[in-house]
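Colleague: need a structure here:
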Amino acid sequence: MHTHLVSSGGRDVRQASRRRKELMSFDRHRVRGILEWLTGDEGHDLDDAGFMGATGRRLRKAGLPVDRLTLHLRTLHPEFRGRTVVWSPGAPVQVADREHDAGQSDVFARSPMRQVMDTRRWLVVRLDDPRYAELSMLDLFRGQGLVELVIAPLIYGDMPASAVVFCTRRTTGFSDADQRALAAIVPALRGACEIRMLRHAETTLLDTYVGTATGRRILAGHIRRGDAETLDAALFLCDLRGFTALSDRLSTADVLSLLNLYFDQVVPAIEAAGGEILKFMGDAVLAYFPAGRDPEQSCRAAFEAARAALRRLADASPASGPLRAGIALHYGTVSYGNIGSGHRLDFTVIGRDVNLTSRLQGLCEPLGEPLLMSKEFARRLDRPDIAPIGAHAVKGLSYPIELFAPDGAQGR
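Modeller: Have a look, this model is predicted:
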């Protein structure tokens, strides 16, 4: 009897072991196509919506009862703290960015997704559980008929974790075999998302700190010192008047707030006209408008940007006093590329015409003109409301420079 029990028990153990192996083998076969998709090249160049849609369809094709799939990705962006991507069968993929000031006390901040991001542990949630009643209030899940969520962290070393949520309408939820399949999929999904996030972060940071065109050049490999090109462009230099006095009178916080208000008027005006911002130099903004095959158009764009910036500054002036600026416009040839030492480089424009633009801007205040133009710029602009205001001495040059300015209110 004793031997029989041992033998019977041994058979049970062996049968259970075989069953586990069969399940694991089934899971691997079940998810093989998804793993190949996530680790392959096919989805590399898709945008977030295309990638999410293709992934969701493959999950369903593998027999997983996924009725909604959501990605909650932490981002490195000056305006947004995260991106949410949502897929459901037969519906357009939704992509939404969460702003930094959206508030930490909202429903999402108290949600199981945030809990998983913070604890880095998987969580299975039944939406009929009273503890998670608030979760059903989120637009992500409301009215979807969902029953169970499997929430998994997407961990990237020491970086803040992201999360993926697999949702089902099946009343019994995800089976053990389903959850094993999801556990096999998540590492590959994490890797695919990490690559996408890093690409997005590098583009965002370059756009933020050096500008879109310069960022593209850097990513294209133009990163050696002395690697430069010569181009013709309309140059734009704007400086906030009275900044030294304001800095002496206001607190540091108020100065920063004022500077940001000032830049919020000037930067959109430049970008809307197609200009590329190169530098923030204290309270000054240096930008250029590439000429390409149409120098006149680049000058018109720079002029419209200058007028728009001055209008916006006048409309946005705070109670502490008017925001006044001086803007210089010049057309010339610049060297556009890398300068610096060793591994610490700066991508900028240099040359005689850049220096001249700076000198012209310095004449705005003594001449009482908010907008000054060089002769080279004015003749390409070719407007009847632009008038000469005489030749003026410019620091560093042995000869005077003929200057132009808008004539009357029409051009200001």
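
Colleague: distance of residue 167 from residue 151?
Modeller: Between residue 167 and residue 151 the distance is 9 Å, computed by C-beta to C-beta, to the nearest Å. (C-beta placed from N, C-alpha, C; glycine too.)

Colleague: and for residue 171, nearest residue in space, chain neighbours not counted?
Modeller: The shortest distance from residue 171 to any non-neighbouring residue, by C-beta to C-beta, 6 or more residues apart in numbering, is to residue 147 (5.8 Å).

Colleague: does that neighbour touch residue 169 like I think?
Modeller: Yes - taking C-beta atoms under 8 Å as the definition, residue 147 is a contact partner of residue 169 at 5.7 Å.

Colleague: quick one: low-confidence parts of the stretch 251-400 of the chain?
Modeller: Residues of the stretch 251-400 of the chain meeting the criterion pLDDT under 70: 320.

Colleague: can you give me the helices in it?
Modeller: Ranges of helices in the stretch 251-400 of the chain, per DSSP state H, counting those that start in this stretch, are 252-272, 295-316, 352-361, 364-367, 375-381.

Colleague: helices or strands next to the strand or helix carrying residue 179 in the packing?
Modeller: Residue 179 is part of helix 176-209 when elements are defined by DSSP states H and E. The criterion is 3 or more C-beta pairs under 8 Å, 6 or more residues apart in numbering; DSSP states H and E, and the helices and strands that helix 176-209 contacts are helix 2-39, helix 48-61, strand 68-74, strand 148-154, strand 162-168, helix 212-219.

Colleague: OK, contacts around the residue nearest to the spatial centre of the chain?
Modeller: When the chain is reduced to its mean C-alpha position, the nearest residue by C-alpha atoms, centre = their mean turns out to be residue 204, at 4.0 Å. With contacts taken as C-beta atoms under 8 Å, 6 or more residues apart in numbering, residue 204 has the following neighbours: 75, 76, 77, 78.

Colleague: again, 10 Å this time
Modeller: 75, 76, 77, 78, 79, 80, 215 (C-beta atoms under 10 Å, 6 or more residues apart in numbering).

Colleague: confidence score at it?
Modeller: As predicted, residue 204 sits at a pLDDT of 79.

Colleague: buried subset of the contacts of residue 204?
Modeller: Among these, the ones that count as buried by 16 or more other C-beta atoms under 10 Å are 75, 76, 77, 80, 215.

Colleague: in which helix or strand would I find the second one?
Modeller: Residue 76 is located outside every helix and strand, with elements delineated by DSSP H and E.

Colleague: that one and residue 206 touch, don't they?
Modeller: No - shown here, residue 76 and residue 206 do not form a contact pair, counting by C-beta atoms under 10 Å, at 11.7 Å.

Colleague: before we move on, what SS does residue 146 have?
Modeller: Residue 146 carries the three-state label coil when classified by DSSP: H, G, I helix; E, B strand; the rest coil.

Colleague: what's the pLDDT at the residue nearest to it when sequence neighbours are not counted?
Modeller: The shortest distance from residue 146 to any non-neighbouring residue, by C-beta to C-beta, 6+ apart, is to residue 167 (4.8 Å). For residue 167, the pLDDT comes out at 96.

Colleague: burial count for residue 167?
Modeller: Other residues near residue 167 number 25, with proximity taken as other C-beta atoms under 10 Å.

Colleague: ok, now which ones touch it?
Modeller: Applying C-beta under 10 Å, 6+ apart, one finds that residue 167 lies in contact with 65-70, 86, 88, 125, 127, 140-141, 144-151, 174.

Colleague: so how far is residue 230 from it?
Modeller: 56 Å.

Colleague: how far away is residue 118 from residue 30?
Modeller: With distances taken as C-beta to C-beta, residue 118 is found 31 Å from residue 30.

Colleague: quick one, which of these two is more surrounded?
Modeller: Applying other C-beta under 10 Å to residue 118 and residue 30 shows that residue 30 carries more neighbours, namely 19 against 12.

Colleague: my guess is the more buried one meets residue 63, correct?
Modeller: Yes - counting by C-beta under 10 Å, a contact exists between residue 30 and residue 63, whose distance comes to 6.4 Å.

Colleague: so where's the stretch 101-250 of the chain uncertain?
Modeller: Counting by pLDDT under 70, the stretch 101-250 of the chain has low-confidence residues at 101-107, 137.

Colleague: can we see that at 50?
Modeller: Within the stretch 101-250 of the chain, the stretches with pLDDT under 50 are 103-105.

Colleague: quick one: work out the angle between the longest strand along the chain and helix 212-219.
Modeller: Once the chain is assigned using DSSP state E, the strand that runs over the most residues is strand 325-341. For strand 325-341 and helix 212-219, the angle between their directions (axes from the mean of the first three to the mean of the last three C-alpha atoms, to 10 degrees) works out to 0 degrees.
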